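Asker: no letters, just coordinates:
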């Protein structure tokens, strides 16, 4: 589905917010964070970190770091862990993970960085898989649609019309970076935080991380993600 | 938007269910029906026709004519009017018209048949326009996305990511009939009612009707559409 609110349900959901929340989660866990909690709200993130008694607070609103938080939502800030736990809150992505956790029994976190790994994991799921694009404020985002299209293309399974549309869209761009720059997410990032433009080519790299972040538990409304 | 439930609102909504409800409405009004009522439910349609004391009952479930109804949902059944009023109930399209009527101040009904006329009408609307694809049971349908892409392309306005995706999709097909045959709506029609396959090329003709059906009133939950 192109947006989290679209009709649809399946036992396994694959969530994409490639610019940038799911790229950040993949990078953080690949770098050595043991778990990442996705929270919808900022206060929820602060409260959860207090309850846990440890962890890095990360996240953005309007692309930039939330005041008082340790880190923003740039995957390049997560190349080396500074705690066991990441507590993350972003505008669209962490909400989409929480929404998928409410709807699906199993949730995988996808980006372009871990494309092959997530496709291989999905291949071994003996049931329908729902690919959920976080989008931007409830509407389709071309960057997420691009990654959804790549997943569907590599899986080679029978497709819904939405899945077919996503694979067709992929063919209309020269590559991921072009699609990401054209997308609302990419344009928002470049407008609100031009200093973070390098996140776009960073997130546009395909299959460089061999990780499949999965939902392992819910805690106080937050989705706990680990390998 | 690719589905009626997607987030979004605008003063003017353009509703598309090209296979086949909005094609049927365009054809019926162009042929001389004075008005078409769109109802969500079958019983609602029967009750409204009884209240009106006249009119043709038209519509489908699983592509075929509803038992006891006068006509189905093939635009080829509406080439000559047999009453002043059409009361129509279909699986996705008439619901989408009613949903748009609840969300938008003005509603236009679009198909490929009246593409130029509806684009010209939208051009004179001095406000945002929301293109609503009826889809199939809450999910995107490629046939509606194709028509949405043609509208956006002809309007040439600034585009949301969804609108950009729709215009890009158009470029991936050889033409409307190819897209319609590939779509869930087209496949449903051919599977459930192979005798109606000719509706597909019929609905794939572009700009052959110079009509812009509009919402003129709501009556007992039904959307009254006229020229």
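Answerer: Arrived safely, thanks for sending. Because the structure is predicted, anything quoted here is derived from the model rather than measured. Residues are numbered from 1 along each chain as shown, chains lettered A, B, ... in the order given.
Asker: so the lowest-mean-pLDDT helix or strand in chain A, near chain B or not?
Answerer: Ranked by mean pLDDT, DSSP states H and E, the weakest helix or strand in chain A is strand A:129-133, scoring a mean of 88. No: Strand A:129-133 does not reach chain B (C-beta under 8 Å from any C-beta of the partner chain); its nearest approach is 10.2 Å. No exception for glycine: its C-beta is placed from N, CA and C like everyone else's.
Asker: right, and the helix or strand after that strand?
Answerer: Note on strand A:129-133: by DSSP states H and E, the next helix or strand toward the C-terminus is helix A:142-155.
Asker: and that next one, does that touch chain B?
Answerer: Yes: on the criterion C-beta under 8 Å from any C-beta, helix A:142-155 is in touch with chain B at A:142, A:145.
Asker: the inter-axis angle of whichever helix or strand comes after that helix versus strand A:129-133?
Answerer: Counting by DSSP H and E, the element after helix A:142-155 in chain order, helix or strand, is helix A:161-170. Orientation note: helix A:161-170 sits at an angle of 60 degrees relative to strand A:129-133 (axes from the mean of the first three to the mean of the last three C-alpha atoms, to 10 degrees).
Asker: quick one: list the elements packing against the helix or strand following helix A:161-170.
Answerer: Using DSSP H and E, the next helix or strand after helix A:161-170 towards the C-terminus is helix A:176-182. Applying 3 or more C-beta pairs under 8 Å, 6 or more residues apart in numbering or on different chains; DSSP states H and E, we find helix A:176-182 packed against helix A:142-155, helix A:184-192, helix A:199-203.
Asker: what angle separates the first one from strand A:129-133?
Answerer: For helix A:142-155 against strand A:129-133, the angle between stretch directions is 160 degrees (the same axes, to 10 degrees).
Asker: right, so of the helices and strands packed on helix A:176-182, which gets closest to residue B:177?
Answerer: helix A:142-155 (23.7 Å; C-beta to C-beta).
Asker: before we move on, the earlier item: let me know which of the helices and strands packed on helix A:176-182 is the nearest to residue B:50.
Answerer: Comparing those by their distance to residue B:50 (C-beta to C-beta), the top pick is helix A:142-155, with 46.2 Å.
Asker: any idea how far residue A:163 is from residue A:207?
Answerer: Per C-beta to C-beta, to the nearest Å, residue A:207 is found 20 Å from residue A:163.
Asker: more neighbours, those two?
Answerer: Remark: of residue A:207 and residue A:163, residue A:163 carries more neighbours, 22 against 15, as counted by other C-beta atoms under 10 Å in any protein chain shown.
Asker: surely that one touches residue A:153?
Answerer: No: with contacts counted by C-beta atoms under 8 Å, residue A:163 stays clear of residue A:153, the gap being 9.3 Å.
Asker: doesn't residue A:183 make contact with residue A:19?
Answerer: Yes: using C-beta under 8 Å, residue A:19 makes contact with residue A:183 at a distance of 7.0 Å.
Asker: need the overlap of contacts for the two.
Answerer: Shared contacts of residue A:19 and residue A:183, defined by C-beta atoms under 8 Å, 6 or more residues apart in numbering or on different chains, are found at A:141, A:143.
Asker: okay, the two: which has more neighbours?
Answerer: Taking neighbours as other C-beta under 10 Å, residue A:19 and residue A:183 compare with residue A:19 leading, 37 against 26.
Asker: where does pLDDT dip in chain A?
Answerer: For chain A, the stretches with pLDDT under 70 are A:1-9.
Asker: give me the contacts around the least confident helix or strand of chain A.
Answerer: By C-beta under 8 Å, 6+ apart, the list of residues contacting strand A:129-133 from outside reads A:1-4, A:8-10, A:12-17, A:96, A:99-100, A:103-104, A:110, A:122, A:140-141, A:144-145, A:147-148, A:151-152, A:155, A:157, A:163, A:166.
Asker: start and end of stretch A:180-198, how far apart?
Answerer: With C-alpha to C-alpha, to the nearest Å applied, stretch A:180-198 spans 12 Å between its terminal residues.
Asker: buried sites along that stretch?
Answerer: Within stretch A:180-198, the residues that count as buried by 16 or more other C-beta atoms under 10 Å in any protein chain shown are A:180-190, A:193, A:196.
Asker: and which of these is nearest chain B?
Answerer: Distances from chain B to the buried residues of stretch A:180-198, taken as C-beta to the nearest C-beta, are shortest for residue A:184 (4.7 Å).
Asker: so residue A:54, which of the three states?
Answerer: At residue A:54 the chain is in coil, as set by DSSP: H, G, I helix; E, B strand; the rest coil.
Asker: so how far is residue A:188 from it?
Answerer: Taking C-beta to C-beta as the measure, residue A:54 falls 32 Å from residue A:188.
Asker: give me the neighbour count for the closest residue to residue A:95 other than its chain neighbours.
Answerer: Among residues not flanking residue A:95 along the chain, residue A:40 sits closest, at 4.7 Å (C-beta to C-beta, 6 or more residues apart in numbering or on different chains). Look at residue A:40: counted by other C-beta under 10 Å, it has 18 neighbours.
Asker: test my guess that residue A:40 contacts residue A:221.
Answerer: Yes: with contact defined as C-beta under 8 Å, residue A:40 reaches residue A:221; the gap is 7.2 Å.
Asker: give me the common contacts of the two.
Answerer: Residues touching both residue A:40 and residue A:221 (C-beta under 8 Å, 6+ apart): residue A:98.
Asker: thinking again about what came up before, I'd like the helices and strands packed on helix A:176-182 as CSV, with distance to residue B:227 appended.
Answerer: Output for these, formatted as CSV (distance: least, C-beta to C-beta, whole Å):
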stretch, distance to residue B:227
helix A:142-155, 37
helix A:184-192, 36
helix A:199-203, 48
